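> All I have is the shape, not the residue letters:
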């Protein structure tokens, strides 16, 4: 069902993934560092698309849970992909876009918790039949 709370969590994770493209990764003094690299962009597309697609996967809660876990791993990969090039720059300060994948991890974890509660509720209702 689309009106569940995990829909809002998945939408939030997708929006955070897309916001990485708008904001700088590092507020470095001469000019801000933006997202570059094909793997990071592919990961962002996968995270945003997977989050939005997982909203409509509500009929198969087990698959929705597994895809949510995979998206958490992708989000950590994006964070690592954004962080490693910054470690080579001296005097960098983290920007908003660097923390957005970690925010997506929080949203995806909350969504997985809500999916798991729904699954437990369905199992409990089947016991009464």
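Sure, I can see it. Just so it is clear, the structure is predicted and the values come from calculations on it, not from any experiment.
> mind listing what the residue nearest the centre of the chain touches?
For the chain, residue 104 is the residue whose C-alpha lies nearest the centre (C-alpha atoms, centre = their mean; 3.4 Å). Listed by C-beta atoms under 8 Å, 6 or more residues apart in numbering, the contact set of residue 104 reads 12, 13, 16, 17, 47, 51, 71, 75. (Each C-beta comes from the backbone N, C-alpha and C, glycine too.)
> 7 Å instead?
Listed by C-beta atoms under 7 Å, 6 or more residues apart in numbering, the contact set of residue 104 reads 13, 16, 17, 47, 75.
> Same list (these) but as a markdown table, adding distance to residue 118 and neighbour count.
Formatted as a markdown table, the contacts of residue 104 follow (distance: C-beta to C-beta, whole Å; neighbours: other C-beta atoms under 10 Å):
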| residue | distance to residue 118 | neighbour count |
| --- | --- | --- |
| 13 | 17 | 30 |
| 16 | 23 | 26 |
| 17 | 23 | 28 |
| 47 | 22 | 27 |
| 75 | 22 | 29 |
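> With adjacent residues omitted, what lies nearest to residue 77?
Counting by C-beta to C-beta, 6 or more residues apart in numbering, residue 77 lies nearest to residue 43, which is 5.7 Å off, once chain neighbours are set aside.
> Now for that neighbour, how many residues are close by?
By other C-beta atoms under 10 Å, 23 other residues sit near residue 43.
> in which helix or strand would I find it?
helix 38-55 (DSSP states H and E).
> Show me which positions of that helix end up buried.
40, 43, 44, 46, 47, 48, 50, 51, 52, 54, 55 (16 or more other C-beta atoms under 10 Å).
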